[in-house]
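Colleague: Next comes the sequence, and after it the predicted model I'd like to discuss.
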Amino acid sequence: MTLRHPAPSEYAGTSWLDITGDTLDLTAFHDLVCDQAAALKALGDTDELEVRKAKALGVIASQQAQLDLSSLMDPDGDERPAVSAGPRTPKTRFYLHLNMADLATHGCGTRGDLSAGTVERLGAATLTQIKEWVGHSQVTVQPVLDLARRDAVDGHEPPAWMRELVILRDGHCVFPWCPHEARSADLDHIDPYVPMEEGGPPGQTRPENLAPLCRRHHRAKTSRRWRYRRRPDGTYEWHGPHGRSYLVTPHGTIQLTTN
């Protein structure tokens with residue numbers, strides 16, 4: 001079973017679920033989804049069948065989350081008490097990016113169908129969507145991270161706050177034209193890390209010396225076929241093995257030279 005999130009520009013707020021399993025099990029599950037979709041129609045839902053089937057998945061998941069798991073069957077078939085789990089509340093984790101303009105626009109009773117920021121992997125989000133997502137889930141609000149923070153550490157591994165800062169700052173692999181998201185990429189030391197016991201200077205691990213690279217492009221850089229630097233304006237200048245240079249900006253990649 002695989003859960004895939006399409007590119008934010010494709011279908012904002014939706015994802016794909018691919019599943020392979022026993023034919024009888026999946027047929028039974030599909031029948032359950034169809035029955036729930038029919039029930040939605042009977043209740044007045046006028047959407048097409050495929051849309052109602054998608055909605056049915058949410059209904060079934062919500063119903064399952066409310067099951068009372070206070071008793072289970074032991075291996076001998078006898079009913080026995082189990083640790084009471086109570087109603088289960090689904091956990092949702094999403095990263096919502098807002099700016100001051102969003103907060104000013106939506107701060108006081110504004111329509112819920114307007115965009116209220118961008119959710120990583122899902123694209124633009126509305127107030128209505130956000131309320132629906134968090135209204136049925138456990139919510140943990142992470143503190144605002146200062147993206148201007150410049151603290152350095154001496155070890156090779158960045159602390160959690162530094163990793164998060166670099167991920168939020170760059171958003172994706174900073175190799176030319178690579179769309180791979182930063183959250184599942186490696187954090188690369190732009191100037192290669194040298195252990196302090198081998199003569200390396202202190203403070204090598206700092207936000208300005210870190211950048212997200214997907215595993216493929218991390219290996220390309222480590223092999224020295226490619227080299228790059230982070231400019232003071234936050235863009236990345238890359239030099240390839242065939243005399244070509246590129247500039248990676250928040251708005252895309254620009255080819256600088258061709259020999």
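Modeller: Ah, there it is. Residues are numbered from 1 along each chain as shown.

Colleague: just the helices in the stretch 51-200 of the chain please.
Modeller: For the stretch 51-200 of the chain, applying DSSP state H, counting those that start in this stretch gives helices covering 100-106, 127-135, 160-170.

Colleague: Confidence-wise, which helix or strand of this structure is lowest on average?
Modeller: strand 71-73 (a mean of 48; mean pLDDT, DSSP states H and E).

Colleague: which stretches of this protein have low pLDDT?
Modeller: When residues are selected by pLDDT under 70, those of the chain lie in 5-13, 65-94, 98-117, 121-122, 127, 133-142, 257-259.

Colleague: per-domain residue ranges of it.
Modeller: Domain assignment for the chain by automatic domain parsing gives 2-81, 96-135, 160-257.

Colleague: and those domains as a markdown table, adding distance to L145?
Modeller: Heads up, the C-betas are built off the backbone N, CA and C, glycines and all. Compiled in a markdown table, those are given as follows (distance: least, Cβ to Cβ, whole Å):
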| stretch | distance to L145 |
| --- | --- |
| domain 2-81 | 21 |
| domain 96-135 | 11 |
| domain 160-257 | 6 |
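
Colleague: Determine which of those domains approaches V153 most closely.
Modeller: domain 160-257 (4.9 Å; Cβ to Cβ).

Colleague: how far is that closest one from where the chain is centred?
Modeller: Relative to the mean C-alpha coordinate of its chain, domain 160-257 is positioned 20 Å out (Cα atoms, centre = their mean, to the nearest Å).

Colleague: try stretch 29-36
Modeller: Computed by Cα atoms, centre = their mean, the chain-centroid distance of stretch 29-36 equals 29 Å.
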